[in-house]
Every structure is written in structure tokens, then in C-alpha cells.
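Asker: After the sequence you'll find the predicted model.
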Amino acid sequence: MKTLLQTAIALLVVLPLLSWADSISTERRSQQQNLMQTNKVQSAAVTQSYQSEVWFHSIDISLARDDNYNGYFHQLYVEFDADTEYSYHQVFAELSLTPDFGSERIYYTSSVFELFGESSNDWLGIETDLQHRYPANFYLLTIRIFDANTGYLLAEASGYDLSALDALTLEDYQRDQIQSSSSVEVSAGTTGVVALLTLCLLLFRRREQK
């Protein structure tokens with residue numbers, strides 16, 4: 001009973017924080033080392049700003065959820081496969097968005113994940129729903145990979161290097177809502193005039209009775 005109470009209290013604390021978060025992200029990754037991925041854009045060499053013993057092998061971007069049909073989406077999916085010159089390397093990734101004439105904002109930092117040499121089965125996918133503070137704009141995406149032990153930057157790719165990561169048409173969920181307007185129609189036809197005359201007649205008779 002005590003455990004259930006503690007869990008309920010934790011949910012009451014966490015859920016409001018999630019609802020006010022600027023973005024909500026979910027990680028996806030390969031669960032089977034022998035599973036071959038076919039939905040990524042493969043490239044022998046992805047142009048990138050910086051690389052060391054780790055580099056990007058492929059990056060796949062997709063946009064979804066344009067609820068108000070204005071051409072700007074609030075859901076962003078980023079999937080990438082990185083390689084390393086080592087047989088095993090623990091890393092984490094950082095993703096950021098930069099609007100036109102604005103400052104860079106880090107919207108997600110991943111958990112630690114493993115790279116296995118040049119395997120294509122150690123990919124990481126991050127699905128993000130932008131919630132607040134992202135007005136409709138063209139955004140530049142930057143992906144950075146850091147060493148999990150030292151925190152050193154190992155690889156970086158952005159819209160400055162790849163056109164697919166530049167000019168992403170995004171806006172947050174709040175701005176992507178369909179605006180509905182209600183109007184009250186006032187009729188000034190024959191029925192409205194008759195009703196008005198009837199009301200005036202009733203008021204006149206009441207005054208005479210008094």
C-alpha cells in the first residue's frame with residue numbers, strides 16, 4: 001500500500017512537469033544485433049562538421065503532425081547510425097534546433113548507448129513532439145555525439161553540412177492546434193420584426209393596466 005501511494009505521488013509530481021516541457025522525446029534503438037534496417041538513408045560518408053574516432057554513417061529525418069495544415073509540423077523523428085574505429089564505444093547524443101535569426105536550443109540529450117565498430121545495427125532513433133516555445137519557423141538541426149566517460153565531442157553534423165538537416169518547417173503543438181471560431185447569426189428578417197413589435201405591444205398593455 002505504501003509503495004502504491006509513493007508511486008501515485010511521484011506521478012502527480014512528474015506529469016505536470018511533462019505537460020509543461022518544451023518537448024517530449026522517446027528513444028528507439030535496435031534490439032537485435034542481427035536485424036538489418038532498411039528505412040534509413042544509407043551513405044558511405046555523411047558530410048559532417050567534425051569527426052574523430054566516431055563518425056556518422058547515416059542520418060534519416062522525417063516530419064509529421066501538421067494539425068492545422070499550415071505547412072509546419074510539431075513532430076520530428078531523427079534516426080542515425082554512427083560508427084567507431086573501436087570494437088566497442090559508449091557514447092551519448094545531443095540534439096538541438098536553431099531557428100532563423102534565433103539562438104540554438106538543445107531539445108534532447110540521449111541516454112548512454114553503445115557503438116560496435118561499423119555495425120549497422122546500433123542505430124538510435126529519437127521521436128520528439130515539440131510542446132512549447134517553438135514558433136513556426138525554419139529550423140536548423142544539429143546532432144552531436146559525445147564520449148560517455150569523458151564528455152568529449154566525438155562527432156557533429158548539422159544543417160550547415162547537410163541540406164536534409166536545414167530549413168525544417170517546425171512549430172510547437174500549441175501553435176499547431178486547429179483554430180475554431182464561433183459566430184452568432186442575428187436575423188433582421190420579417191420574423192425578427194414581428195417578434196419585436198409583439199414585445200412592444202405587451203409592454204404597452206402592461207403599462208395601461210397599471
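Answerer: It's in. Numbers count the residues shown, from 1 in each chain.
Asker: From here on, just use CA atoms for contacts and neighbour counts.
Answerer: OK.
Asker: In contact with Gln90, which residues?
Answerer: Counting by Cα atoms under 8 Å, 6 or more residues apart in numbering, Gln90 touches Val112, Phe113, Glu114, Leu115, Asp147, Ala148, Asn149.
Asker: would you list those residues in JSON lines and tack on neighbour count and pLDDT?
Answerer: Formatted as JSON lines, these follow (neighbours: other Cα atoms under 10 Å; pLDDT from 0 to 100):
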{"residue": "Val112", "neighbour count": "13", "pLDDT": "97"}
{"residue": "Phe113", "neighbour count": "15", "pLDDT": "96"}
{"residue": "Glu114", "neighbour count": "15", "pLDDT": "96"}
{"residue": "Leu115", "neighbour count": "24", "pLDDT": "97"}
{"residue": "Asp147", "neighbour count": "17", "pLDDT": "98"}
{"residue": "Ala148", "neighbour count": "17", "pLDDT": "98"}
{"residue": "Asn149", "neighbour count": "11", "pLDDT": "97"}
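Asker: Sort out which of those are in strands and list them.
Answerer: Using DSSP state E, the subset of the contacts of Gln90 located in strands is Phe113, Glu114, Leu115, Asp147.
Asker: Where does pLDDT dip in this protein?
Answerer: Along the chain, the model assigns pLDDT under 70 to residues 1-20, 31-45, 180-210.
Asker: Which stretches in the protein count as helices?
Answerer: For the chain, the helices defined by DSSP state H occupy 2-19, 190-209.
Asker: Next up, the contacts around the nearest residue to Asp83 once chain neighbours are set aside.
Answerer: Using Cα to Cα, 6 or more residues apart in numbering and skipping residues adjacent in sequence, the residue nearest Asp83 is Glu118, 4.7 Å away. Shown in contact with Glu118 (Cα under 8 Å, 6+ apart): Ala82, Asp83, Thr84, Glu85.
Asker: Kindly recompute the last result at 10 Å.
Answerer: Counting by Cα atoms under 10 Å, 6 or more residues apart in numbering, Glu118 touches Val54, Trp55, His57, Asp81, Ala82, Asp83, Thr84, Glu85, Tyr86, Ser87, Tyr88.
Asker: Dump the ones in strands among the contacts of Gln90 to CSV, plus distance to Ile24.
Answerer: Formatted as CSV, the ones in strands among the contacts of Gln90 follow (distance: Cα to Cα, whole Å):
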residue, distance to Ile24
Phe113, 19
Glu114, 23
Leu115, 25
Asp147, 24
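Asker: tally of neighbours for the closest residue in space to Ser62 that isn't next to it in sequence?
Answerer: Excluding its sequence neighbours, the residue lying closest to Ser62 (Cα to Cα, 6+ apart) is Tyr77, at 5.2 Å. Per other Cα atoms under 10 Å, the neighbour tally for Tyr77 reads 17.
Asker: Pretty sure Tyr77 sits against Leu95.
Answerer: No - if you go by Cα atoms under 10 Å, Tyr77 and Leu95 don't touch, sitting 11.3 Å apart.
Asker: what's the overlap in contacts for those two?
Answerer: Common contacts of Tyr77 and Leu95 (Cα under 10 Å, 6+ apart): Ile126.
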